[in-house]
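Asks: all I have is the shape, not the residue letters:
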């Protein structure tokens with residue numbers, strides 16, 4: 001594609017102010033960061049909610065509602081994906097809380113990690129029954145899943161969900177490379193995952209740590225998409241001499257897109273590709289609010 005999907009990930013679940021003072025934590029900080037990113041140019045945003053007092057992740061839909069409401073005041077067309085991560089919470093009630101938001105607060109998409117996995121110091125537990133329950137709740141609520149694949153097995157499970165009818169086309173997939181227990185930022189690893197990615201998919205390349213820039217560069221060069229932000233990497237350089245801001249990372253992405261003679265895909269264009277309602281008061285899968 002000549003239009004590059006830029007999936008902005010400003011916060012995540014891990015970085016704290018102790019790690020980097022630049023990570024946005026409170027709803028106000030997250031909203032401000034997304035506003036700056038929107039003005040520069042992004043296609044979508046992947047949001048996590050945190051407690052403002054202790055900086056820990058929260059699943060509470062009230063916090064997500066504050067973030068989503070604030071973003072839609074200045075970007076009513078921006079595609080918003082809300083996290084349903086199970087790294088800290090692993091009940092269906094907690095993980096689907098944000099999926100119950102409606103109207104102007106409804107997220108267009110919800111993250112769906114396609115298996116359990118280990119990170120450097122933590123585990124993300126995603127039992128098969130939980131993954132299916134999340135996928136079916138998103139389907140029933142007219143929310144498009146953001147399919148997160150960290151290795152080939154997760155791509156296989158994605159295809160399994162499609163066969164079960166739990167996930168419907170068109171598909172958006174994040175290939176997230178470089179985690180110690182998963183596929184690495186290696187062309188062979190990426191090629192194997194792409195070989196089995198479902199038809200009628202659009203996708204972005206992301207990576208943890210210093211692999212983020214390499215995978216983003218590849219995604220841009222090949223005309224795919226990128227996942228970028230402090231969620232996955234809070235250093236600007238590979239030698240870790242300079243902490244990055246979200247705008248540092250996004251400005252670099254824009255320079256790479258320009259150098260490759262490509263453009264950022266607008267939210268309007270991404271909505272059409274993913275068969276989402278047009279925004280401006282109507283969100284989620286097209287027709288799900290009728």
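Replies: Looks like it came in fine. A quick note: this is a predicted structure, and the numbers were derived from the prediction, not measured.
Asks: would you check that residue 125 makes contact with residue 116?
Replies: Yes - taking contacts as Cβ atoms under 8 Å, residue 125 lies within contact range of residue 116: 5.0 Å. (Glycine included, C-beta is placed from N, CA and C.)
Asks: measure how buried residue 163 is and give me the count.
Replies: Close neighbours of residue 163, defined as other Cβ atoms under 10 Å, add up to 8.
Asks: list phi and psi for it.
Replies: Dihedral angles phi and psi of residue 163 (degrees, to the nearest 10) take the values phi -60, psi -30.
Asks: and residue 175, by the same measure?
Replies: Per degrees, to the nearest 10, the backbone of residue 175 is at phi -100, psi 110.
Asks: what bridges to it?
Replies: With DSSP bridges as the criterion, residue 175 is bridged to residue 149, residue 205.
Asks: what is the neighbour count of it?
Replies: 27.
Asks: report the contact partners of it.
Replies: By Cβ atoms under 8 Å, 6 or more residues apart in numbering, residue 175 lies in contact with 149, 183, 190, 193-194, 197, 203-206.
Asks: residue 205 too?
Replies: Here residue 205 is in contact with 175, 177, 190, 215-216, 218-219, 224-227 (criterion: Cβ under 8 Å, 6+ apart).
Asks: now do residue 170
Replies: Counting by Cβ under 8 Å, 6+ apart, the residues that residue 170 touches are 200-202, 273-275.
Asks: again, 6 Å this time
Replies: 200, 274-275 (Cβ atoms under 6 Å, 6 or more residues apart in numbering).
Asks: and if you look at residue 95?
Replies: Counting by Cβ under 6 Å, 6+ apart, residue 95 has contacts 84, 86.
Asks: how near is it to residue 84?
Replies: Separation of residue 95 from residue 84 (Cβ to Cβ, to the nearest Å): 5 Å.
Asks: ditto for residue 224
Replies: In terms of Cβ to Cβ, residue 224 sits 24 Å off from residue 84.
Asks: same question, residue 74
Replies: Using Cβ to Cβ, residue 74 is found at 25 Å from residue 84.
Asks: the more surrounded of those two?
Replies: A count of neighbours by other Cβ under 10 Å puts residue 84 above the other of residue 74 and residue 84, at 27 against 12.
Asks: quick one: the more buried one is in a strand?
Replies: No - going by DSSP: H, G, I helix; E, B strand; the rest coil, the assignment for residue 84 is coil, not a strand.
Asks: show the model's pLDDT score for the nearest residue to residue 171 once chain neighbours are set aside.
Replies: Distance criterion Cβ to Cβ, 6 or more residues apart in numbering; nearest residue to residue 171, sequence neighbours excluded, is residue 201 at 4.3 Å. Looking at residue 201, its pLDDT reads 95.
Asks: run a quick neighbour tally on residue 201.
Replies: 14.
Asks: swap in residue 104?
Replies: With other Cβ under 10 Å as criterion, residue 104 counts 16.
Asks: tell me the SS of it?
Replies: helix.
Asks: contacts for the least confident helix or strand in the chain by mean pLDDT, please.
Replies: When each helix and strand of the chain is scored by mean pLDDT, DSSP states H and E, strand 123-124 comes last, with a mean of 86. For strand 123-124, the external contacting residues (Cβ under 6 Å, 6+ apart) are 86-87, 117.
Asks: residue 111: which of those residues is nearest?
Replies: Using Cβ to Cβ, residue 86 is the member of the contacts of strand 123-124 that sits closest to residue 111, with 10.1 Å.
Asks: got the confidence number for that closest one?
Replies: 73.
Asks: need the contact list for it.
Replies: With Cβ under 6 Å, 6+ apart, residue 86 has these contacts: 95, 124-126.
Asks: what about the strands in the stretch 151-290 of the chain?
Replies: 171-177, 201-207, 225-228, 263-264 (DSSP state E, counting those that start in this stretch).
Asks: please identify the most buried of the ones you listed.
Replies: Most buried of the strands of the stretch 151-290 of the chain by mean neighbour count (mean count of other Cβ atoms under 10 Å) is strand 225-228; its value is a mean of 29.
Asks: and that strand, what does it pack against?
Replies: Using 3 or more Cβ pairs under 6 Å, 6 or more residues apart in numbering; DSSP states H and E as the contact test, the elements touching strand 225-228 are strand 3-8, strand 201-207, helix 211-221.
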